[in-house]
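Asks: this is the structure alone, sequence omitted:
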Ligand SMILES: N[C@@H](CCC[C@H](N)C(=O)O)C(=O)O
């Protein structure tokens, strides 16, 4: 552990949302933030390698439970993280006994609740489809199908994606066959960093199986291939409905399991429902990323803490 004193340590929990690897870090009562250097160091250690950090801070607005910073594994900040938000709900519900929460992020307010069966629903807000909202580097009147392709120009492997923002940018490529038959690990970074996406983008491949089911794989901006991307499942659902491929309530099968997504007609909000899982807890230095597991400290199974 770094030679800074224990006062610099904060509690954290290693969790996952359908395999999306999350570190929930308790920064309440502090003025500092998890440093990008600490995020890079935590991601470099196999024990704490993560997809996103969800850093819980004291609320900034009356009536909210917490401000949440979302950090990708490359140290970049993100505006939304559906799976990570479910992990925060579970951690705080366990700590407080509360079941309903109102979180504040850079993208706005997120209502969330834990149900009796342990599943968690997050109101991910309204999707945005304007080219400036995604954002895109040039004007597209129809963002349900933009001019972007990869592969041979006369026989592209992927083309004409739908783009949408759930607070963060998403491109959804539609395929008629197995989503696993595409080399997303190769195409993902090329598309993530394509100049059409000035803030980069999360890149997904979707196969619509019925009006209420689709398969989805995602190369995440600032992270890479993940087992689940909640905001991508939301973006794919609204894009499927927008293009007439699917209805507004869809089971989205991501590699880690199913997510239930509803694009509500009443208020245009997108509701994502799925599980969260606690794995172990520890303490870490938010400036350096030095950490210790609770069970390592006291030699017994780490008490569930946050
Ligand atoms: N895995 C998250 C998405 C996290 C942010 C994304 N990588 C981005 O940079 O926009 C989710 O479950 O939504």
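Replies: Great, that's in hand. On a predicted model such as this, the values are computed, not experimentally measured, just so you know.
Asks: residues of the chain that sit close to the ligand?
Replies: Those residues of the chain that sit near the ligand, judged by Cβ under 6 Å from any ligand atom, are 20, 51-52, 72, 78, 80-83, 168, 202, 220-223, 226, 229-231. Any C-beta I mention is one placed from the backbone N, CA and C, and that applies to glycine too.
Asks: could you list the low-confidence segments of the stretch 151-300 of the chain?
Replies: Residue ranges of the stretch 151-300 of the chain with pLDDT under 70: 296-300.
Asks: tell me where it has helices.
Replies: Shown for the stretch 151-300 of the chain, the helices assigned by DSSP state H, counting those that start in this stretch span residues 184-192, 230-242, 294-298.
Asks: now these in CSV, with distance to residue 94?
Replies: CSV is the format used below for the helices of the stretch 151-300 of the chain (distance: least, Cβ to Cβ, whole Å):
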stretch, distance to residue 94
helix 184-192, 34
helix 230-242, 20
helix 294-298, 14
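Asks: tell me the most buried of these?
Replies: Comparing the helices of the stretch 151-300 of the chain on average neighbours per residue, with mean count of other Cβ atoms under 10 Å, the densest one is helix 230-242 at a mean of 28.
Asks: elements contacting that helix?
Replies: In terms of contacts (3 or more Cβ pairs under 8 Å, 6 or more residues apart in numbering; DSSP states H and E), helix 230-242 is packed against helix 82-96, strand 162-165, strand 169-174, strand 202-210, strand 213-220, strand 249-254, strand 257-263, strand 270-274.
Asks: export those to JSON lines and append columns for distance to residue 41 and mean neighbour count.
Replies: As requested, those are exported to JSON lines (distance: least, Cβ to Cβ, whole Å; neighbours: other Cβ atoms under 10 Å):
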{"stretch": "helix 82-96", "distance to residue 41": "19", "mean neighbour count": "24"}
{"stretch": "strand 162-165", "distance to residue 41": "30", "mean neighbour count": "26"}
{"stretch": "strand 169-174", "distance to residue 41": "27", "mean neighbour count": "26"}
{"stretch": "strand 202-210", "distance to residue 41": "24", "mean neighbour count": "22"}
{"stretch": "strand 213-220", "distance to residue 41": "20", "mean neighbour count": "24"}
{"stretch": "strand 249-254", "distance to residue 41": "28", "mean neighbour count": "22"}
{"stretch": "strand 257-263", "distance to residue 41": "30", "mean neighbour count": "21"}
{"stretch": "strand 270-274", "distance to residue 41": "29", "mean neighbour count": "23"}
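Asks: could you dump these to CSV with distance to residue 40?
Replies: Shown next, in CSV, are these (distance: least, Cβ to Cβ, whole Å):
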stretch, distance to residue 40
helix 82-96, 18
strand 162-165, 26
strand 169-174, 22
strand 202-210, 20
strand 213-220, 16
strand 249-254, 26
strand 257-263, 29
strand 270-274, 28
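Asks: what sits against the one residue sitting closest to the centre of the chain?
Replies: With distances taken as Cα atoms, centre = their mean, residue 81 lies nearest the centre of the chain, 2.8 Å away. For residue 81, the residues meeting the contact criterion (Cβ atoms under 8 Å, 6 or more residues apart in numbering) are 22, 52, 54, 70, 230, 231.
Asks: tell me what the third one is bridged to.
Replies: Going back to what we said before, that points to residue 54. Partner residues in beta bridges with residue 54, using DSSP bridges, are residue 24, residue 70.
Asks: where does it land on pLDDT?
Replies: According to the prediction, residue 54 has pLDDT 98.
Asks: quick one, what contacts it?
Replies: 22, 23, 24, 25, 68, 69, 70, 81, 84, 85, 87, 88.
Asks: isn't the last one right up against residue 103?
Replies: What that stands for is residue 88. Yes: with contact defined as Cβ atoms under 8 Å, residue 88 reaches residue 103; the gap is 6.9 Å.
Asks: what residues do these two have in common as contacts?
Replies: Jointly contacting residue 88 and residue 103 under the rule Cβ under 8 Å, 6+ apart are 66, 68, 112.
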